[in-house]
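[1] Prediction below, plus the sequence it came from.
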Amino acid sequence: MSNDKKIVLSGIRATGNLHLGNYYGALSKFVRMQDDFDCRFFIADLHALTTHPDPKALHENVKHILAEYLAAGLDPEKNILYVQSDVPEISEMYLLMNMHAGIGELMRTASFKDKARKALGISAGPAAGEEEIEKEIIGNQSGKSVNAGLLTYPTLMAVDILIHKADFVPVGKDQEQHLELTRRFGRRFNSFYGTEYFHDPVNFNFGGQPVKVPGLDGSGKMGKSEGNCIYLIDDEKTLRKKVMRAVTDAGPTEPGSTPTEPIANLFTLMELVSEPSTVDFFKKAYADCSIRYGDMKKQLAEDILKVTLPIRERVLEIREDDDYLSRVVRRGAEQARDIAADTLRDVREIMGIRKF
Ligand code: ADP
Ligand code: TRP
């Protein structure tokens, strides 16, 4: 890890097993970046607390994601791998940074509005804007509440990034707004204290567009809460079953027609996992109406398994090796704390907190 390399920082919340969306949107990019950048990857367990996980499940999730990081090919010799809560400097800087985060801008964040609506039982739609959420939160008519950690989620994420002075933050498209807030908080800090301390971190996609991995249910996005995921840990039988059950349609009747959303989604998945010649073969079959969805799904399952099965096997092995896992995170925590302590010292100093 030499000093002239650009700094990369990213993390995934410890909320469950990783799926193909997490893999192609985040983890596979981490693996591809580890040789060329100074990389720090972590497991966001404090962020997971915003949605109140079962305390017993939280530690298991942290451990599982760590095993998935390692199984997917992240090398602890090349990267700093750590657990967010092992670096208390992050929590202190989160408190400091909250002094410069506006309640209004946090409330307008799409992820907050989504989660607040769910917590308050407000259905989505144009009428369910900030005003309704605000009225519910302040008026507390329903007796339901939204925890403050959910509101300040972006402050914590900004601190994750700024404490490393990261240049690149490889994340999926859905995280762009959080990254924008990170830049805003950094710039605001700079201008408030008349310093050039933080610089702007940006997303990283190897020059391409951020990917959005679709679900198998014909809908837009693969996601844990959508219940439409293929997990890296799925066994062969489960995975084949999921793919064979994927939503399709009655099939093309006009040569050269545009695929419907569920079929376009299958092609998007195929483009991620299959050889270009395989994708071409099925695209031609679609275009001349000879396609058999059963054959396409069989091929898709086969090609997904080529990606996921080797990872699954390594996860099962690594997960059992508690000594190895704890060695990795203990070392990672030390390395991350050294970096974080430097930034925190500067930030405290800039804000006027001085030692007697
Ligand atoms: P989930 O949406 O399943 O709860 P997270 O929010 O924990 O997943 O996301 C972890 C990382 O994976 C983020 O960088 C996010 O952008 C990426 N990600 C999640 N789902 C997808 C998807 N369907 N396509 C692309 N990237 C995704
Ligand atoms: N919010 C991210 C997600 O839901 C997780 C995350 C927390 C993160 N802190 C971060 C990602 C810092 C990148 C950098 O996926």
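    The structure has been received and is ready for your questions. Residues are numbered from 1 along each chain as shown. Ligands and ions are numbered 1, 2, ... in the order given.
[2] Residue 178 is in contact with residue 111, isn't it?
    Yes: in this structure residue 178 lies within contact range of residue 111 using C-beta atoms under 8 Å: 7.2 Å. From N, CA and C alone the C-beta is placed, and that goes for glycine too.
[3] Could you find the closest non-adjacent residue to the closest residue to ligand 1 within the stretch 1-150 of the chain?
    Taking C-beta to the nearest ligand atom as the measure, the point where the stretch 1-150 of the chain comes nearest ligand 1 is residue 25, at 1.9 Å. Taking C-beta to C-beta, 6 or more residues apart in numbering as the measure, residue 25 lies nearest to residue 172, with 3.3 Å between them; neighbours along the chain are not counted.
[4] What residues does this structure have near ligand 2?
    9-13, 44, 47, 157, 160-161, 169, 171, 175, 178 (C-beta under 6 Å from any ligand atom).
[5] Just name the closest of those to residue 346, please.
    Compare each of the residues of the chain next to ligand 2 with residue 346 using C-beta to C-beta and the shortest gap goes to residue 161, at 15.5 Å.
[6] Break this structure down into its domains, please.
    Described in terms of automatic domain parsing, the domain architecture of the chain consists of the residue ranges 7-101+152-211+322-351, 236-317.
[7] Mind listing what's buried along the helix or strand where residue 138 lies?
    Using DSSP states H and E, residue 138 falls within helix 130-139. Within helix 130-139, the residues that qualify as buried are 132-133, 136-137, counting by 16 or more other C-beta atoms under 10 Å.
[8] Check stretch 338-355 too.
    Counting neighbours by 16+ other C-beta under 10 Å, one finds that the buried residues in stretch 338-355 are 339-340, 343-344, 347, 350.
[9] re the thing from before, pick the most buried one from the domains of the chain.
    Using mean count of other C-beta atoms under 10 Å, the stretch among the domains of the chain with the greatest mean number of neighbours is domain 7-101+152-211+322-351 (a mean of 19).
[10] Show the average pLDDT along that domain.
    Averaging pLDDT along domain 7-101+152-211+322-351 gives 96.
[11] I'd guessed residue 303 sits against residue 271; true?
    No: using C-beta under 8 Å, residue 303 is not in contact with residue 271, being 10.4 Å away.
[12] Which residue does the stretch 101-250 of the chain have closest to ligand 1?
    residue 172 (2.2 Å).
[13] which bits of this protein sit near ligand 1?
    When proximity is defined by C-beta under 6 Å from any ligand atom, the chain lies next to ligand 1 at 12-13, 15, 21-22, 24-26, 171-172, 174-175, 211-213, 221-224.
[14] so what pLDDT did residue 141 get?
    Residue-level confidence at residue 141 comes out at 74, pLDDT.
[15] Show the residue spans covered by the helices in the stretch 201-350 of the chain.
    If DSSP state H, counting those that start in this stretch is used as the criterion, the helices of the stretch 201-350 of the chain fall at 236-244, 261-273, 276-287, 293-319, 322-351.
[16] nearest to residue 204, of those helices?
    Proximity of the helices of the stretch 201-350 of the chain to residue 204 was assessed by C-beta to C-beta; the nearest stretch is helix 261-273, lying at 17.9 Å.
[17] Now the closest one - C-alpha only, CSV.
    Listed in CSV are the C-alpha atoms of helix 261-273, where the atom choice follows Å, rounded to 0.1, in the frame of the first residue of the first chain:
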residue,chain,number,x,y,z
GLU,A,261,-39.2,-6.1,-18.5
PRO,A,262,-38.9,-9.6,-17.0
ILE,A,263,-37.1,-10.8,-20.2
ALA,A,264,-34.9,-7.8,-20.4
ASN,A,265,-34.0,-8.5,-16.8
LEU,A,266,-33.0,-12.0,-17.6
PHE,A,267,-30.8,-10.7,-20.4
THR,A,268,-29.2,-8.2,-18.0
LEU,A,269,-28.3,-11.0,-15.6
MET,A,270,-27.0,-13.1,-18.5
GLU,A,271,-24.8,-10.2,-19.6
LEU,A,272,-23.2,-10.2,-16.2
VAL,A,273,-22.5,-13.9,-15.9
